[in-house]
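> Could you look at this predicted model? Sequence included:
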Amino acid sequence: MVSLNVRRSLLKRRIMDLITSMAILPLLFGCVGVFSLFKLLQQMRMKAYLQDAVVVITGATSGLGKECAKVFHATGAKLVLCGRNREALEELTRDLATPRATKVQTYKPYMVTFDLADPDSVVGATAQILQCFGYVDILVNNAGISYRGTITDTTMDVDKRVMETNYFGPVALTKALLPSMIERRQGHIVVISSIQGKISIPFRSAYAASKHATQAFFDCLRAEMEEHEIEVTVISPGYIHTNLSLNAITADGSRYGVMDETTVQGRSPTEVAQDVLTAVGKKKKDVILADLLPYLAIYLRTLAPGLFFSLMAARARKERKSKDS
């Protein structure tokens, strides 16, 4: 009798397990289906947002800016490419204008040549930008310069030069284009900051300061522009494999001319540009594109600042020792 009861109990349990599993499978498939539908709708919304949008990209002649030009162009955006090197802009424009088999209509980019570090040139450049299509949907503030040096050896001219390019230039261009966006109640301001806009590392003082200022300004702008329905996205990449460190300036203003090991090991600018496109398409507000260690450093700076400062001091000693040897 006991054995029979045990068998019945086991049978009931197996039947219940079977019923439960049969109920879970449709639920799982349903969840997958809903998620897939959500992703599809999200992609469709992104394509609709970017296709035919007038996109201005500064620093488009090389590195991340050049790759951003390629991915935005492939979505059917109408580009206005900005930079200091006219020949490089013309070469990129010819490349993008080459006929390709695409699913969307693409447009030949316009070019506007100016130096973002020259405040007087920004006003004239703004007029040229607006003449291209009559308005701007998305401004990608990408142009920038890096820096290497000790604070005690760095001249104030170098500090000002870095701030002019990385902070005052993007701010001036943004302010110049904002009135037309506010009038249309439509626009999207994007700025390529850096992980060093959230944490600071030794021998990058001018660069980190300019990126901290950038983060603060555009955070304020986001709050103020909400009533005008204008989006603001700040993107903070980690190391990218570009010529940024090669073209960095040193304490006396000369060219650094060294490809740092961290830069060599950085992410491909093509991959980062695709992440930038996705962040803009999804209208994200603040995006960090970095590995786990920089993420942890950001939280460490907030939650355990004493430990963070000790680690940065140790890093400074190590770099100073490496340069002296």
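On my side now, so go ahead.

> could you pull out the helices for the chain?
2-50, 63-74, 86-97, 119-133, 156-163, 169-184, 205-225, 261-264, 269-281, 292-303, 305-324 (DSSP state H).

> so which of those helices is the most packed in?
helix 63-74 (a mean of 24; mean count of other CB atoms under 10 Å). (Glycine included, C-beta is placed from N, CA and C.)

> Can you check what angle separates it from helix 269-281?
60 degrees (axes from the mean of the first three to the mean of the last three CA atoms, to 10 degrees).

> quick check, distance from helix 63-74 to the centre of its chain.
Centroid separation for helix 63-74 versus its chain: 12 Å, with CA atoms, centre = their mean, to the nearest Å.

> What of stretch 46-66?
Worked out by CA atoms, centre = their mean, stretch 46-66 lies 12 Å from the chain centre.

> ditto for stretch 115-126
23 Å.

> Quick one: mean pLDDT for it?
Taken as a whole, stretch 115-126 has a mean pLDDT of 91.

> rewinding a little: would JSON lines of the helices of the chain with distance to residue 139 be doable?
Shown next, in JSON lines, are those (distance: least, CB to CB, whole Å):
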{"stretch": "helix 2-50", "distance to residue 139": "14"}
{"stretch": "helix 63-74", "distance to residue 139": "12"}
{"stretch": "helix 86-97", "distance to residue 139": "17"}
{"stretch": "helix 119-133", "distance to residue 139": "9"}
{"stretch": "helix 156-163", "distance to residue 139": "20"}
{"stretch": "helix 169-184", "distance to residue 139": "6"}
{"stretch": "helix 205-225", "distance to residue 139": "11"}
{"stretch": "helix 261-264", "distance to residue 139": "26"}
{"stretch": "helix 269-281", "distance to residue 139": "11"}
{"stretch": "helix 292-303", "distance to residue 139": "26"}
{"stretch": "helix 305-324", "distance to residue 139": "33"}
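
> I'd like to know which of these is closest to residue 194.
helix 205-225 (4.6 Å; CB to CB).

> what helices or strands is the closest one leaning on?
helix 156-163, helix 169-184, strand 187-192, strand 230-237 (3 or more CB pairs under 8 Å, 6 or more residues apart in numbering; DSSP states H and E).

> Identify whichever of the ones you listed lies nearest to residue 77.
So among the helices and strands packed on helix 205-225, strand 187-192 is nearest, using CB to CB, at 11.5 Å.

> Can you say which of the helices of the chain is nearest to residue 196?
Closest among the helices of the chain, using CB to CB: helix 205-225, at 4.4 Å.

> can you give me the offset of the closest one from its chain's centre?
On CA atoms, centre = their mean, the centre of helix 205-225 falls 14 Å from that of its chain.

> Contacts made by that helix with the rest, please.
Defining contact as CB atoms under 8 Å, 6 or more residues apart in numbering, one finds that helix 205-225 is touched by 144-147, 149, 151, 154, 158-159, 162-163, 165-167, 170-171, 174, 178, 182, 189, 191, 193-194, 196-201, 231-232, 234, 236, 248, 285-286.

> how about a cut-off of 6 Å?
146-147, 151, 159, 162-163, 166-167, 171, 191, 193-194, 196-197, 200, 232, 234 (CB atoms under 6 Å, 6 or more residues apart in numbering).

> would you list the helices and strands packed on helix 205-225 in TSV and tack on distance to residue 304?
TSV is the format used below for these (distance: least, CB to CB, whole Å):
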stretch	distance to residue 304
helix 156-163	29
helix 169-184	32
strand 187-192	29
strand 230-237	21
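
> mind putting those in TSV, mean pLDDT and distance to residue 77 included?
Conversion of these to TSV gives the following (pLDDT from 0 to 100; distance: least, CB to CB, whole Å):
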stretch	mean pLDDT	distance to residue 77
helix 156-163	97	30
helix 169-184	97	16
strand 187-192	98	12
strand 230-237	98	15
